[in-house]
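*Asks:* below is the sequence, then the predicted model.
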Amino acid sequence: MTIHSEHPFATPEPERDPVRRFRGRMPAPVTVWTTGRGRDREGWTIASMLLAEGPVAEVAGLLDEDSELADAVTAGAERLVVNLLGPNQAAVADAFARVAPAPGGPFTVGDWADTDWGPALTGAAGWLGVRLTGHADRLGWTMMLRGEVEHVELSDEPALGYLRGRYLVP
């Protein structure tokens, strides 16, 4: 048996999408966007996002249109939480990206508190309570979620980052 430093099923470097490779070189925050209550909770890991200050702060995120969160938004979800993950929460990101097992669903990974906007992750670096203002726009292959920030919670935890397929732990 041989142990390789690369993923054995990864697309060979010359065949990879250059735009995706460029994006992979841009450090990104690791966030999990959530909505709903109880058994109707949904969430998804989103690294492609933008937060804009202004008279009314706004946030935009790019979401896989085949995700359960996209289904919830399309079905009428009006509010959500943008959870900014902390350094020890990579397992939460993997569970919500559906790249790691989470028996019982991704909300079994981490501790969650219900808020007026949806589930907030306990111990996160922070979270935003957001009222959705749009989701019909598409950007590339993704659905663009857009909302107004109504609430902000911050902790002293540093934020988890992502770069070139690996987590950046401060």
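*Replies:* Good, I have the coordinates.

*Asks:* low-confidence regions, this structure specifically.
*Replies:* For the chain, applying pLDDT under 70 flags the ranges 1-8.

*Asks:* now the helices for it?
*Replies:* Under the criterion DSSP state H, helices of the chain are mapped to 18-24, 68-74, 90-96.

*Asks:* what's the second one in contact with?
*Replies:* Counting contacts by CB atoms under 8 Å, 6 or more residues apart in numbering, the residues outside helix 68-74 that touch it are 33-36, 40, 42-44, 63-64, 80, 132, 135, 143, 145. All C-beta atoms are positioned from the backbone trio N, CA, C, and that covers glycine.

*Asks:* which of these lies closest to A102?
*Replies:* Checking the contacts of helix 68-74 against A102 with CB to CB, the nearest one is G43 at 10.9 Å.

*Asks:* which residue packs closest to the closest one, ignoring adjacent ones?
*Replies:* T34 (3.8 Å; CB to CB, 6 or more residues apart in numbering).

*Asks:* bridged to the one you found, which residues?
*Replies:* G43, V81 (DSSP bridges).

*Asks:* wait, isn't it in contact with V81?
*Replies:* Yes: between T34 and V81 a contact is recorded at 4.9 Å, counting by CB atoms under 8 Å.

*Asks:* what's the overlap in contacts for the two?
*Replies:* By CB under 8 Å, 6+ apart, the residues touching both T34 and V81 are G118, P119, A120.

*Asks:* need those residues in TSV (columns: neighbour count).
*Replies:* Output for these, formatted as TSV (neighbours: other CB atoms under 10 Å):
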residue	neighbour count
G118	26
P119	25
A120	22
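
*Asks:* can you put those in JSON lines and add distance to L163?
*Replies:* JSON lines is the format used below for the shared contacts of T34 and V81 (distance: CB to CB, whole Å):
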{"residue": "G118", "distance to L163": "28"}
{"residue": "P119", "distance to L163": "27"}
{"residue": "A120", "distance to L163": "26"}
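
*Asks:* nearest to F96, of the residues you listed?
*Replies:* For these, the nearest to F96 is P119 (10.8 Å; CB to CB).

*Asks:* one step back: looking at the helices of the chain, spot the one closest to V59.
*Replies:* Short answer: helix 68-74, nearest of the helices of the chain by CB to CB, at 13.7 Å.

*Asks:* and the closest one, which residues are buried?
*Replies:* With burial defined by 16 or more other CB atoms under 10 Å, the residues of helix 68-74 counted as buried are E68, L69, A70, A72, V73.

*Asks:* stretch 80-88 now?
*Replies:* L80, V81, V82, N83, L84, L85, G86, P87.

*Asks:* what does stretch 18-26 give?
*Replies:* Here stretch 18-26 shows G24 as buried, counting by 16+ other CB under 10 Å.
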